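Enquirer: Dropping the sequence and predicted coords here.
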Amino acid sequence: MPKKSLNILFASSEAVPFIKTGGLADVSGSLPPVLRGLGHDVRLILPAYPEALDRMVRTKEVAQLRLPGHHETVRLLEGTGENGLPVYLVDAPSAFQRGGNPYLGPKGVDWPDNHRRFTLFSRAVTAVGLNHAGLEWKVDIVHTNDWQTGLVPALLNSEWQKPASVFTIHNLSYLGLINYPAFSELYLPADLWRMEGMEFYGNGSFLKAGLAYADQITTVSPTYAKEILTGTFGYGLEGLLQYRSDHLDGILNGIDYDVWNPATDLHLDHRFDVSNLDQRVHNKRALQREFDLPERDNAMLLGYIGRLVDQKGADLILDILPRLHTLGNVQMVFLGSGNQYLEKALREAQFHFPEMVRCRVGYDEGLSHRIEGGCDAFLMPSRFEPCGLNQLYSLRYGCVPVVHATGGLADSVVDVTAETLKNGTATGFSFQNADPDGLWYALRRALVCYQSRPDLWRAIMARGMESDFSWHKSAKQYQQLYYKALGGEPRV
């Protein structure tokens with residue numbers, strides 16, 4: 001007998017195409033439509049940032065909310081996204097009608113009232129989840145994401161008739177910390193400030209609130225779900241996570257195969273699929289021209305897209321550039337921004353190795369597609385990576401990934417070994433130690449394969465392109481998790 005359809009409120013601080021700063025937006029924009037395709041009534045709820053208001057279709061006011069600690073009446077706006085997904089926007093102009101991005105002001109510094117802003121958003125999500133907004137829509141599941149919505153499971157916990165709650169950790173390192181004076185401004189229940197609640201070594205953590213009170217907890221890959229149970233990756237929360245491990249699951253993120261499809265991608269000069277891989281070389285030449293690199297088909301062209309921060313291991317790549325230069329037939333292109341010292345180091349590397357290294361500081365969506373569609377290999381040496389998306393894009397585009405075997409990278413890239421070559425599962429190259437030597441030896445293995453075994457390299461490319469990392473598989477796992485949160489069947 002088929003499972004009943006669920007009413008799911010999906011709460012996030014960002015989602016494509018409305019607003020994006022990172023992978024959370026990709027997940028929040030991609031997963032809800034696929035869940036709707038499984039027969040569930042899924043509605044996304046976001047803060048009403050200016051960008052989100054601009055991208056909403058057929059917006060109308062459906063409720064007015066009076067929320068504790070906020071002097072204005074908060075409007076709840078309803079509309080749809082470009083794909084027809086129902087969307088609610090929490091319209092509180094003093095909190096969300098600002099420049100900068102959702103978390104940072106125009107000068108790149110955290111908004112000082114972020115704790116108030118996202119408490120307000122969490123209260124609005126809770127009101128909708130409890131049907132206090134008068135929408136005549138009974139929510140079965142409230143799916144919350146990262147610290148910005150961590151208070152929602154805590155606020156729901158004290159209610160009698162409440163929906164089940166799921167809390168997804170996209171990156172445990174963002175704890176959402178506040179001190180006690182800031183907590184006292186929020187009009188929250190006093191008993192939240194305790195060791196069993198959100199109190200965290202003398203401060204409070206919005207993220208810990210989600211972990212402590214949610215019915216089910218997920219991370220964005222199975223390996224990361226295991227890693228956060230350890231002191232190395234647990235950020236002081238490993239004890240709580242071990243205690244709640246029976247309620248913790250890891251579900252690998254997917255990617256939107258309509259957006260990331262080399263056969264139809266309009267960002268590429270030449271579109272291709274696994275049956276006509278010869279077309280990729282035209283994209284490689286075009287990318288070399290775009291970055292003003294010498295057009296050499298036999299040069300191994302490497303790519304990096306991501307934040308220039310220590311977590312992503314960009315410094316490891318910088319460390320091995322002199323060694324790469326001695327090989328003479330390697331090129332490297334970078335796209336990203338972040339720490340000023342890493343941005344400066346990249347510009348200096350571009351100066352020192354003008355025929356090998358090129359960088360673009362910033363972000364360009366079209367260029368990111370062209371890097372995936374034109375590079376021979378993609379470097380992702382993250383020290384930790386809850387899931388990662390670029391390695392999935394790379395696999396899809398025949399751009400062989402070279403990764404540190406951590407988190408979602410370990411779950412999605414199968415290392416080239418004698419065994420995996422024999423059983424036909426190899427899709428990339430990985431290394432165990434997140435240091436320059438680990439990256440160097442993995443990259444050397446890749447380079448030898450690329451230069452001396454072109455048929456094998458092509459087979460590895462094809463196997464990655466044929467792998468299934470679409471959202472449909474992951475959405476079915478979330479569906480089962482929702483039923484688990486409800487005790488097996490939707491509440492009636």
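Expert: That came through, no problem.

Enquirer: Gln340: neighbour count?
Expert: Neighbourhood size, Gln340 [other C-beta atoms under 10 Å]: 9. (Glycine included, C-beta is placed from N, CA and C.)

Enquirer: Need the pLDDT of it.
Expert: In this prediction, Gln340 carries a pLDDT score of 90.

Enquirer: Now do the contacts for the residue nearest to Leu327 when sequence neighbours are not counted.
Expert: Nearest residue to Leu327, sequence neighbours excluded (C-beta to C-beta, 6 or more residues apart in numbering): Leu447, at 7.0 Å. With contact taken as C-beta atoms under 8 Å, 6 or more residues apart in numbering, Leu447 is in contact with Met300, Leu327, Val330.

Enquirer: which of those are buried?
Expert: Taking 16 or more other C-beta atoms under 10 Å as the criterion, what is buried in the contacts of Leu447 is Met300, Val330.

Enquirer: Could you dump the contacts of Leu447 into CSV and include distance to Asp292 and secondary structure?
Expert: Listed next are the contacts of Leu447 as CSV, based on distance: C-beta to C-beta, whole Å; DSSP: H, G, I helix; E, B strand; the rest coil:
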residue, distance to Asp292, secondary structure
Met300, 18, strand
Leu327, 21, helix
Val330, 16, strand
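
Enquirer: For the stretch 51-200 of the chain, which segments count as helices?
Expert: Per DSSP state H, counting those that start in this stretch, the stretch 51-200 of the chain carries helices over the ranges 93-96, 114-129, 151-157, 180-184.

Enquirer: Pro354 is nearest to which of these?
Expert: helix 114-129 (42.2 Å; C-beta to C-beta).

Enquirer: which helices and strands does the closest one pack with?
Expert: Packing partners of helix 114-129 (3 or more C-beta pairs under 8 Å, 6 or more residues apart in numbering; DSSP states H and E): strand 7-11, strand 41-47, strand 57-65, strand 74-80, strand 86-91, helix 93-96, strand 141-145, helix 151-157.

Enquirer: Okay, the residue nearest to Leu327 and Gln288: tell me how far apart.
Expert: Leu447 sits 18 Å away from Gln288, going by C-beta to C-beta, to the nearest Å.

Enquirer: what's near enough to touch Gly84?
Expert: Pro33.

Enquirer: and if you look at Phe96?
Expert: Contacts of Phe96 (C-beta under 8 Å, 6+ apart): Pro47, Ala48, Tyr49, Val90, Arg117.

Enquirer: Mind doing that once more with 6 Å?
Expert: Pro47, Ala48, Tyr49 (C-beta atoms under 6 Å, 6 or more residues apart in numbering).

Enquirer: Leu120 is in contact with the first one, correct?
Expert: No. Taking C-beta atoms under 6 Å as the contact criterion, Pro47 and Leu120 are not neighbours in contact, 8.5 Å apart.

Enquirer: Of the helices and strands packed on helix 114-129, which is nearest Thr427?
Expert: Across the helices and strands packed on helix 114-129, closest to Thr427 is strand 141-145 (C-beta to C-beta), at 28.2 Å.

Enquirer: so what strands line up beside that closest one?
Expert: strand 7-11 (parallel), strand 164-169 (parallel) (DSSP bridges).

Enquirer: Other residues contacting it?
Expert: Here strand 141-145 has contacts from 6, 8-12, 129, 152, 163-168, 482, using C-beta under 6 Å, 6+ apart.

Enquirer: which of the residues in the helix or strand Asn283 falls within are buried?
Expert: Assigned by DSSP states H and E, Asn283 belongs to helix 280-290. By neighbour count with 16+ other C-beta under 10 Å, helix 280-290 contains the buried residues Arg280, His282, Asn283, Lys284, Arg285, Ala286, Leu287, Gln288, Glu290.

Enquirer: domain parsing for this structure?
Expert: Listed domain ranges for the chain are 7-254+472-485, 277-467 (source: automatic domain parsing).

Enquirer: Go through the contacts of Phe96 and say which is closest to Cys359.
Expert: Tyr49 (29.5 Å).

Enquirer: residue contacts, that closest one?
Expert: Ile19, Phe96 are the contacts of Tyr49 under C-beta under 6 Å, 6+ apart.

Enquirer: Try it again at 7 Å.
Expert: Ile19, Phe96, Pro102 (C-beta atoms under 7 Å, 6 or more residues apart in numbering).
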